[in-house]
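Asks: Provide a 3D model corresponding to the input given below.
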Amino acid sequence: MVHSSASSNRRLFLKQAAGLAVFSIVPRYVLGRGFLAPSDQITVGVIGLGKQSQGLRGQFLKNNARVIAACDVDARKVTAFSEAVNAHYASQTDAASYKGCLLYDDYRALLSNKGIDAVVSATPDHWHSVRAVQAAKAGKDIYCEKPLSLTVAEGRDMVNATRKYKRVFQTGNMQRSWAEFRQAVDLVRNGYIGDLKTINVNVGGPPRPWDLEAQPLPVGVNWNAWLGPNTIARPYNSVLLPTPKDQFWGQWRDIDEFGGGGMTDWGAHMFDIAQWGLNMDNSGPVELTPPTDTSGKGLVYRYANGVVMNHQPVEGKQFCHFVGTQGEVKVARGELTTTPATLKDKVIGEGERKVYFSDNHYKNFLDAIQSRKNPISDVEVGHRTASVCTIGNIAYRLKHPLRWNPTTEKFENDAEANQLLSRPMRKEWSV
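Replies: Model (predicted):
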């Protein structure tokens with residue numbers, strides 16, 4: 001049975017939620033905010049069950065979270081996800097204590113389940129802010145996939161809600177928990193390449209306007225719920241929401257109503273490393289100079305300290321390339337190259353500056369829930385990175401230079417650009 005917010009299913013939901021409280025040893029909500037009994041596992045509900053959720057499911061199960069709920073607009077995906085979770089627990093020595101993964105077709109019912117400590121959001125970007133704000137209000141800690149938000153205003157809403165309700169929030173910028181990226185940033189911050197002058201970032205370009213044709217809606221898909229906050233009722237197309245039989249990733253991020261193209265897709269990873277290296281997790285650039293053509297490359301950012309960051313897409317792996325007065329550091333997934341070459345294996349001393357250490361992004365989130373401390377990619381970090389990507393898309397769209405104030409999070413003397421910092425949303429979902 002799939003739970004929904006409809007009254008016909010409410011009694012069943014409450015009955016199963018009550019049963020959940022029986023096998024949760026001592027839920028945190030009983031013991032008080034911030035307290036988790038040592039013998040208790042953190043209970044998790046997953047919202048958004050596309051391809052990304054499969055890897056997340058494996059990571060949270062491996063790191064001893066207790067996945068107890070799943071929600072999606074496609075009933076087949078809910079069934080498949082829950083069956084995989086149930087099979088995992090059936091193979092455990094304490095299999096009898098697990099009562100099964102709860103199925104939901106409405107995330108609001110999942111959020112009302114007090115037996116859930118944290119939610120993992122792997123939905124398309126146009127849904128991130130609404131669900132994160134409501135999850136914070138419901139007292140849930142949050143792991144949200146990157147990029148954090150579709151607009152700058154929505155990202156700030158997510159930060160504000162996280163702070164107001166004292167939640168732990170991890171953004172899915174997991175490269176911050178990978179050794180090659182940590183080493184790259186430590187080298188830059190400790191001056192091993194001299195004074196940092198330039199950063200070159202290789203990621204894709206902006207999204208494209210709507211250009212998809214209508215296709216028959218698969219049985220079991222609530223398309224209106226997928227569209228959610230969007231004010232324009234677009235027809236179903238499998239490019240946006242692949243069926244369980246499709247082997248490709250959903251490409252909604254390529255359409256500007258639902259995502260930010262390569263700028264926010266891989267940009268949320270590589271611009272994130274640039275921000276980290278610059279020690280700008282609470283700030284951002286101050287000027288943007290875009291090309292006047294439609295190539296989607298050649299945007300130049302400038303920071304207040306004089307560092308220039310170039311968006312120059314090229315073939316091959318996505319990377320972040322730091323250039324200083326005495327050397328260079330170029331980092332991609334699984335690759336770290338330096339000039340001089342000996343820098344690659346430089347051991348950062350105990351007395352030097354080191355970035356926050358984590359080698360497991362998911363355990364870092366779970367540990368933060370217990371400690372009530374910020375994880376390595378806190379909501380402010382995710383918001384600032386997403387903002388760099390999003391204001392870059394705005395510059396590409398308007399094709400004229402922009403001055404950005406990272407304190408007010410507004411463009412200076414540019415009403416047209418400032419209008420693009422938010423979007424109209426359906427009243428039901430407005431945050």
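Asks: from now on I want contacts and neighbour counts done on CA atoms only, so please keep to that.
Replies: Will do.
Asks: for the stretch 151-300 of the chain, which segments count as strands?
Replies: 169-171, 196-202, 287-289, 299-302 (DSSP state E, counting those that start in this stretch).
Asks: out of those strands, which one sits most buried?
Replies: strand 169-171 (a mean of 29; mean count of other Cα atoms under 10 Å).
Asks: now for Gly220, how many residues are close by?
Replies: 11 (other Cα atoms under 10 Å).
Asks: pipe the strands of the stretch 151-300 of the chain into JSON lines and attach distance to Pro124 and mean pLDDT per row.
Replies: Below are the strands of the stretch 151-300 of the chain laid out as JSON lines (distance: least, Cα to Cα, whole Å; pLDDT from 0 to 100):
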{"stretch": "strand 169-171", "distance to Pro124": "14", "mean pLDDT": "98"}
{"stretch": "strand 196-202", "distance to Pro124": "23", "mean pLDDT": "98"}
{"stretch": "strand 287-289", "distance to Pro124": "27", "mean pLDDT": "98"}
{"stretch": "strand 299-302", "distance to Pro124": "26", "mean pLDDT": "98"}
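Asks: would JSON lines of the ones you listed with distance to Asn237 be doable?
Replies: Below are these laid out as JSON lines (distance: least, Cα to Cα, whole Å):
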{"stretch": "strand 169-171", "distance to Asn237": "28"}
{"stretch": "strand 196-202", "distance to Asn237": "29"}
{"stretch": "strand 287-289", "distance to Asn237": "35"}
{"stretch": "strand 299-302", "distance to Asn237": "32"}
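Asks: is it true that Lys344 lies in a helix?
Replies: Yes: counting by DSSP: H, G, I helix; E, B strand; the rest coil, Lys344 is located in a helix.
Asks: I'd like the distance between it and Ala179.
Replies: 11 Å (Cα to Cα, to the nearest Å).
Asks: which one of the two has more residues nearby?
Replies: In terms of neighbours (other Cα under 10 Å), Lys344 is the more surrounded of Lys344 and Ala179; the figures are 18 against 15.
Asks: just give the closest residue to that one, not the sequence neighbours.
Replies: Thr338 (5.7 Å; Cα to Cα, 6 or more residues apart in numbering).
Asks: so that neighbour: helix, strand or coil?
Replies: Relying on three-state DSSP, one would call Thr338 strand.
Asks: same check on Trp404?
Replies: Per three-state DSSP, Trp404 ends up strand.
Asks: residues near it, how many?
Replies: So Trp404, with other Cα under 10 Å, has 24 neighbours.
Asks: Glu213 too?
Replies: Neighbours around Glu213, by other Cα under 10 Å: 11.
Asks: what do you get for Gly349?
Replies: By other Cα under 10 Å, neighbour count at Gly349 equals 8.
Asks: which element is it on?
Replies: Secondary structure assignment for Gly349, by DSSP states H and E: no helix or strand.
Asks: check what pLDDT it gets.
Replies: Here, the pLDDT recorded for Gly349 equals 91.
Asks: distance check, it against Gly334.
Replies: For Gly349 relative to Gly334 (Cα to Cα), the value is 23 Å.
Asks: do the same with Arg234
Replies: Applying Cα to Cα to Arg234 and Gly334 gives a distance of 39 Å.
Asks: which one of these two has more residues nearby?
Replies: Arg234 (15 against 9).
Asks: so for whichever strand or helix holds Val133, mean pLDDT?
Replies: Assigned by DSSP H and E, Val133 belongs to helix 128-137. The average pLDDT within helix 128-137 is 98.
Asks: list the helices and strands whatever helix or strand comes next after it packs on?
Replies: Using DSSP H and E, the helix or strand that follows helix 128-137 in sequence is strand 141-144. Counting contacts by 3 or more Cα pairs under 8 Å, 6 or more residues apart in numbering; DSSP states H and E, strand 141-144 packs against strand 118-121, helix 128-137, strand 169-171.
Asks: can I get strand 141-144 in PDB? Just the C-alpha atoms.
Replies: Only the C-alpha atoms of strand 141-144 are listed here, as PDB (Å, rounded to 0.1, in the frame of the first residue of the first chain):
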ATOM      1  CA  ASP A 141      17.500  16.800   9.400                       C
ATOM      2  CA  ILE A 142      18.200  17.000   5.700                       C
ATOM      3  CA  TYR A 143      20.600  15.600   3.100                       C
ATOM      4  CA  CYS A 144      19.800  17.300  -0.300                       C
END
